[in-house]
Every structure is written in structure tokens, then in C-alpha cells.
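Participant: take this sequence and fold it.
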Amino acid sequence: MKVIGVVGLPATGKGEFSRVAGDLGIPVVVMGDVVRREVRRRGLPLTDETMGRISGELRQEYGRDALATLSIPFIEETAAGVVLVDGIRSDAEVVRFREHFGEFHLVAVESPFDLRIERIRCRGREDDIISVDELTNRDERELGWGLGEAILMADYSVTNDGGMHEYEIRVRSVLREIVGDI
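Facilitator: Numbers count the residues shown, from 1 in each chain. Model prediction:
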């Protein structure tokens, strides 16, 4: 099984990267869904604060690679030759995936802060933050989990600083380089 991981700060375009992969027939596993399931299981509100707290608790209880470990069964369940994993947040998760899967490729998605806050305000996800301070705090929280180190471990990098069409071309190019003809 070939696994492609996507890493980046909030609202850089990881979800759009995943959408393009899905449109090409590549199954997508979103690591944040593991946290969302846990939040719902506990009957808590699905907010950025709650998601961050539960993510931290899972990492504290099961280790820095907890979300990777909890995602592996969902990845394997796809039984696909190629799977994309969206939402890597730490270097420990990258190490876990590289150890577990024979072929793991990591793609970093980068985007300027001002575009990221604009995207968050437009996308309307239930657990999104909306202010500059909230995004700054979320960035700091996720960087504290090892996100910066994970980004530095990337095999590929895609910049998302223009229009959607341009970004899709970049994503498809990286996916072709990793997967071949798709």
C-alpha cells in the first residue's frame, strides 16, 4: 500500500488537496475525523477549543503519534493501492506512518497567513475559528505538537497562494509524480 500524507498549518489547502485526490479516485482518510468521533462520543460541542483539547488529551494518553496510530485501521480498511491521509500534525505521526507503511510520501501544503484567515472565514466549518488571534493561537498549539518539524520532513511541497485552478494543477502534478498515471 502506498500512503500519501498531507501536512500543513490550518487552512493552507489540505482539504482541497484531498478533494483533488478523491476526484482522481484516491481514497482519503482525514485524521481530524478521529478526533471529531471522540468529541461526539463524549457528547461535547464540536468547537476548535474542544477539538484542540481532545487532540491534546489523546496525545497525552497514547503518545505523540496517537492520531496516526488511531488512523491506521481506517487507512488499511480502504484496501486500496494508494490512500491519502489528510491532517498530519506532528513529526511523531510522520515517523509512525513511515514505520508502518512500506511506502509513505509526505506533502507539505503552504499558504500565506492572510489567505488562510480569509479561507477560514469563507468555508464555514463547524469547528473553525474566525479571528486573527484565534488562528495565531491555533498555529501555536499545532506547532507545539510538532507540526513545524513534520512540515520539514516533507518529501514534496505545494504552495497554495493563487487561484483554485492553479492550485489544482500543482496538486495533480505532485500526485502524478508520486503515483504515476492517474
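
Participant: going forward, measure contacts and count neighbours with C-alpha atoms only.
Facilitator: Fine.

Participant: any weak-confidence spans in this protein?
Facilitator: Within the chain, the stretches with pLDDT under 70 are 124-130.

Participant: residue nearest the centroid of it?
Facilitator: Gly87 (1.5 Å; Cα atoms, centre = their mean).

Participant: does that residue really touch Lys14, like I thought?
Facilitator: Yes - using Cα atoms under 8 Å, Gly87 is in contact with Lys14, at 7.1 Å.

Participant: which element is Phe104 on?
Facilitator: strand 103-110 (DSSP states H and E).

Participant: what sits up against that strand?
Facilitator: If you take Cα atoms under 8 Å, 6 or more residues apart in numbering as the criterion, strand 103-110 is touched by 1-9, 12-14, 94, 97-98, 151, 153-161, 178.

Participant: and the helix or strand following it, how far out from the chain's middle?
Facilitator: Per DSSP H and E, the first helix or strand lying C-terminal to strand 103-110 is helix 113-123. Taking Cα atoms, centre = their mean, to the nearest Å, one finds the center of helix 113-123 at 16 Å from the center of the full chain.

Participant: pretty sure Leu44 sits in a helix.
Facilitator: No - under DSSP: H, G, I helix; E, B strand; the rest coil, Leu44 sits outside any helix and is assigned coil.

Participant: start the count at 25, not 1, going forward
Facilitator: Sounds good: first residue 25 from here, last item Leu68.

Participant: give the contact list for it.
Facilitator: Neighbouring residues of Leu68 by Cα under 8 Å, 6+ apart: Thr74.

Participant: report the buried members of the contacts of strand 127-134.
Facilitator: For the contacts of strand 127-134, a burial check counting by 16 or more other Cα atoms under 10 Å picks out 26-33, 36-38, 118, 121-122, 175, 177-178, 180-184, 202.

Participant: now intersect those residues with the helices, please.
Facilitator: With DSSP state H as the criterion, helices contain Lys38, Val118, Phe121, Arg122, Ile175, Ile202 from among the buried ones among the contacts of strand 127-134.

Participant: okay if I get the residues you listed as JSON lines plus distance to Met75?
Facilitator: Compiled in JSON lines, those are given as follows (distance: Cα to Cα, whole Å):
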{"residue": "Lys38", "distance to Met75": "17"}
{"residue": "Val118", "distance to Met75": "20"}
{"residue": "Phe121", "distance to Met75": "22"}
{"residue": "Arg122", "distance to Met75": "25"}
{"residue": "Ile175", "distance to Met75": "21"}
{"residue": "Ile202", "distance to Met75": "31"}
